[in-house]
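Undergrad: show me the folded form of this:
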Amino acid sequence: MGIIDRIILTIYTFLLSFLALGVILVALNLIPLELIWTGLNQIKGRWEAALVGFVFFLVSVRLLLAGLRSRRSKETIAHHTEMGNVHISLDAVKNLVEKTARHTRGVRGVKVSVAQEGQGLKVFIKAVVSPESNVPAVGNEMQQRVQEYIRNTVGIEAVDIHVLVENISNDFKTKQRVE
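TA: Purely as a prediction, here's the structure:
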């Protein structure tokens, strides 16, 4: 959730707290209900009141979506050191695996997904290889290179690497854009 959303949420929460206090006061008969009805009758048929209600509705939808978006927390791998914790995101590991797999001889293109499983990682690599390559040898070399690179760079020993050769192609694939 960004800073703008936090500011809006603060104002929104303050206004809802004020509304909740009004409901409590009416429920305890500290404010007469007729006073509330008189106030509501005065805004009936006014476009300004409808505009305020519409703005509150839009703010509610925005905050709801921002809250749902923030629940997708980044998964990380944590290393505990003497000076504190070091967290490595799975997206960073994915990029490392992509780079390593792409530089394997005979590989034309790769798609990678990484998931955390217990204390280790599960890596899925979908690859396109060249037709003159020995496919099992390319897959094995890719697994070994990725395993070694993750062990040396990220510091995780237990890595389960699955390679799926999706296609055998002579064409060079252009590098995928990072989104």
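
Undergrad: distance check, residue 56 against residue 40.
TA: 16 Å (Cβ to Cβ, to the nearest Å). The way it works is simple: take the backbone N, C-alpha and C, and place the C-beta from them, glycine included.

Undergrad: for the residue sitting furthest away from the middle of the chain, helix, strand, or coil?
TA: Distance to the chain centre peaks in the chain at residue 34, reaching 49.1 Å (criterion: Cα atoms, centre = their mean). With DSSP: H, G, I helix; E, B strand; the rest coil as the basis, residue 34 sits in helix.

Undergrad: roughly how far does it sit from residue 41?
TA: Where residue 41 is concerned, residue 34 sits at a distance of 10 Å (Cβ to Cβ).

Undergrad: what about residue 56 and residue 40, which has more around it?
TA: Higher neighbour count among residue 56 and residue 40: residue 56, with 13 against 10, using other Cβ atoms under 10 Å.

Undergrad: other SSEs contacting the helix or strand harbouring the more buried one?
TA: Using DSSP states H and E, residue 56 sits within helix 47-70. Judged by 3 or more Cβ pairs under 8 Å, 6 or more residues apart in numbering; DSSP states H and E, the packing partners of helix 47-70 are helix 3-27.

Undergrad: what sits against residue 116?
TA: 75, 77, 90, 122 (Cβ atoms under 8 Å, 6 or more residues apart in numbering).

Undergrad: in strands, which of the residues you listed appear?
TA: The strands, defined by DSSP state E, take in 77, 122 from these.
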